[in-house]
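Q: quick one, fold the following:
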Amino acid sequence: MEYLSYPGQFSRHQTRVVSIGDVVIGGSNPIIIQSMLTSLTSDIDACFKEVLSLVKVGCQMIRLTIPSLKDLDYIPQLRYLMQEEGVMVPLIADVHFSPNIAVAACEFFEKVRINPGNYTDVSKSSHKHKSDEWFEVGRENLKEAIVPLIKQLKYYQRALRIGVNHGSLSTRMIEKYGDSPLGMVESALEMIALFEAQEFNQLVVSLKSSNPVVVQKAYRLLVEKSPKTDAVPLHLGVTEAGNGIEGRIKGLAGIGPLLLDGIGDTIRLSLTEESKNEIEFAQKLQHAVEKYRFKTKVKLEPWRRELNHQRFNNGSMAINNVEIGNGSTLKLGVSKDNTQVLDKDISDMDFEYQILNEREIILNDKKRLRLSADLSSIFSDLPNFDGIVLENGPQTLFYFRFICCNFPVDKPIGMFYPLCESEAETLFLETQLSAILSEGLLDFLLIPQGINAKQLKRAFYLLQATRTRIFYPDYIACPSCGRTLFDLQLATHKIKKATRHLKGVKIGIMGCIVNGPGEMADADFGYVGSGKGKIDLYLGQQRIKKGVDEENAVDNLVDLIKANGRWLDPPLSPES
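A: Below you'll find the predicted structure:
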């Protein structure tokens, strides 16, 4: 791929410096990549093996769950084993629901992670819902609840992550700001203000969701509302991304565009796989963005990306009776005798598709669809064309938006899906494309000559991750941790095999009852661990079955889908 160079330079979001043990983040320090243990915290041998495995592939911080005070008793032994091997990587305590555990964890961990939504701020049954008084009471309750934690954080010189999750916002935040990126940001800003008012600033913030577009929106909105200097460092992640190509593309779609814009100080790329796989893919993504970003310098001012990702309405046209543009759903183009752009469901990998192999397409009304590598002359010719197809990859679109920021675009805009030779270049392309698709900047995407089935499948996953087009079920699958008491990876494989043909159905596959119901809030069906080898099944947010044996749970899930009219018989040769 040829890269363009245009005015502007890369600018990283400026944050304050925070020390986590011997690791320093924020400021101009390198981005740190971290992961989380999946073993039971009480299983010291398993935890230690996982630690060694993660350190070997370059993990720079490690998080582990602390579900009870008793679990803290095992940490000194783990520390001893690490010290014997010369492993000095900082450990992070992941705490839910119990402020007392967060306070006690300060003695043993370089950083503690809490979720504001898990702190009891106001009574959910209060008759004063939605009142300003009710909201302020909750804020005062939070202020009092964090005083003991601040005291211990200061005493042991620890850092704290304020980990806001889309699926577990507090009732008062949802009622005032909605279950939305704005609600996530306001929750984070409130906690930051409370901690800083009590003179504690060694903070890190995360705004996670299983929806990559929500992740992008939330972080960009927080950056917009943050001070230009001394802002809190940001930890990036997409929750419940799942496994395989799908999980990697989901993580890339949420994290990659933020890295591209200089947002983020630490990363966790969650996968329902071995923890070391998270590190390896995160490293590849970070390397790709940093390697190619400077070859495509894009000046974001005076045109700036919309924080709320509202669609651009680029006008419309009809090609072969298919409406393109004017805010309609993005169309996938295939060419037949170089005369048509069709909108077909080509998610079936056996589809005999034709490919575009000409630099010019003759439309059915004989007008040309401009393919422009040289954008300088496009404005004088624009009235003569029904639409615009941009070459040289997503960076051309960024440049096009830059040079026409004050020029109304009344033609639909499309782009060839560029093919790359190297893995790093492919990841960079997908990062740019995910930013474009999330922001609604394209009206149609054309399949180029030479694309293969694997590349096409990645394109489908990218379109689905950015909520542009849906081809498969949406699996909201957590990466597992020490709270998971069943084989989550095996369960995910079985569920995918049984339901892979159910296009558009959202299935939550959650390791534990702590995160499960909240984090899969928008799922149609849920498969949630509730005890050792036991599964609870959900229809939306309603628990339908409790304590189902693990060996029968997938069949019971299929029965639940059938009973609610969402089942379709699979094709004769279903994709596994």
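Q: low-confidence ranges, the chain, go.
A: Applying pLDDT under 70 to the chain flags the ranges 1-10, 120-130, 294-387, 391-393, 398-409, 448-450, 513-516, 518-519, 572-576.
Q: domain ranges for this structure?
A: 18-293, 316-465, 474-563 (automatic domain parsing).
Q: end to end, how far does the first one reach?
A: Separation of the first and last residues of domain 18-293 by CA to CA, to the nearest Å is 26 Å.
Q: next: stretch 228-245.
A: Stretch 228-245: ends 37 Å apart by CA to CA.
Q: one more: stretch 531-541?
A: For stretch 531-541, the separation between the terminal residues is 19 Å (CA to CA).
Q: can you give me how far it is from the chain middle?
A: On the basis of CA atoms, centre = their mean, to the nearest Å, stretch 531-541 sits 24 Å off its chain's mean C-alpha point.
Q: now do the contacts for Asn29.
A: Contact analysis of Asn29 by CB atoms under 8 Å, 6 or more residues apart in numbering lists 17, 265. C-betas here are computed from N, CA, C, even on glycine.
Q: please disregard the earlier target; I meant Thr431.
A: 252, 256-257, 259-260, 285, 288-289.
Q: same thing but 10 Å
A: Neighbouring residues of Thr431 by CB atoms under 10 Å, 6 or more residues apart in numbering: 252-253, 255-260, 285, 288-289, 292-293, 394, 462.
Q: in strands only, show me the residues you listed.
A: Residues of the contacts of Thr431 located in strands (DSSP state E): none.
Q: of these, closest to Ile162?
A: Leu258 (17.4 Å; CB to CB).
Q: surely the closest one meets Arg220?
A: Yes. Using CB atoms under 10 Å, Leu258 makes contact with Arg220 at a distance of 7.5 Å.
Q: what touches both of those two?
A: Common neighbours of Leu258 and Arg220 (CB under 10 Å, 6+ apart) are His13.
Q: give me the nearest residue to Gln286, chain neighbours excluded.
A: What sits nearest to Gln286 in space, not counting adjacent residues and going by CB to CB, 6 or more residues apart in numbering, is Ile31, at 6.0 Å.
Q: sorry, slip of the keys, the one I care about is Ala424.
A: The nearest residue in space to Ala424 (CB to CB, 6+ apart) is Ala288, at 4.2 Å.
Q: that neighbour: what's it in contact with?
A: Ala288 neighbours (CB under 10 Å, 6+ apart): 252, 256, 259, 422-431.
Q: next, count neighbours for the closest residue in space to Thr484 that isn't next to it in sequence.
A: With sequence-adjacent residues excluded and distances taken as CB to CB, 6+ apart, Thr484 is closest to Gly511, at 3.3 Å. Neighbours of Gly511 under the rule other CB atoms under 10 Å: 26.
Q: separation between the residue nearest to Ala424 and Tyr219?
A: Using CB to CB, to the nearest Å, one gets 19 Å for the distance from Ala288 to Tyr219.
Q: didn't Ile561 look like it was pressed against Ala498?
A: Yes. Using CB under 10 Å, Ile561 is in contact with Ala498, at 9.1 Å.
Q: shared neighbours of these two, anything?
A: In contact with both Ile561 and Ala498: Ile507, using CB under 10 Å, 6+ apart.
Q: still on that earlier bit, between which two of the contacts of Ala288 is the distance greatest?
A: Leu259 and Ser422 (18.2 Å).
Q: look at those two and report which has more neighbours.
A: Neighbours were counted for Leu259 and for Ser422 using other CB under 10 Å; Leu259 has more, 21 against 12.
Q: grab the nearest non-local neighbour of that one.
A: Nearest to Leu259 is Val289, by CB to CB, 6+ apart, at 4.7 Å.
Q: ok, that neighbour - contacts?
A: 31, 252, 255-261, 264, 424, 427-428, 431-432.
Q: try it again at 7 Å.
A: Going by CB atoms under 7 Å, 6 or more residues apart in numbering, Val289 touches 256, 259-260, 428, 431.
Q: show me which pair in those residues is furthest apart.
A: Leu259 and Phe428, at 10.3 Å, using CB to CB across those.
Q: residue contacts, Pro99?
A: Neighbour list for Pro99: 119, 145, 149 [criterion: CB under 7 Å, 6+ apart].
Q: closest to Lys276 among those residues?
A: Leu149 (31.6 Å).
Q: let's have the domains of the chain in JSON lines, adding distance to Pro571.
A: Formatted as JSON lines, those follow (distance: least, CB to CB, whole Å):
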{"stretch": "domain 18-293", "distance to Pro571": "19"}
{"stretch": "domain 316-465", "distance to Pro571": "8"}
{"stretch": "domain 474-563", "distance to Pro571": "6"}
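Q: ok, and the most crowded of the contacts of Pro99?
A: Neighbour counts for the contacts of Pro99 (other CB under 10 Å) peak at Leu149, which has 25 neighbours.
Q: so which bits of the lengthiest helix in the chain are buried?
A: For the chain, the longest helix by residue count, based on DSSP state H, is helix 275-293. Under the neighbour-count criterion of 16 or more other CB atoms under 10 Å, helix 275-293 has 275-279, 281-286, 288-290, 292-293 buried.
Q: just stretch 545-565 next, same as before
A: For stretch 545-565, by 16+ other CB under 10 Å, it's 548, 550, 553-554, 556-558, 560-561.
Q: for Gly511, what are its contacts?
A: 478, 480-481, 483-484, 488, 529.
Q: please consider this matter closed, and thank you.
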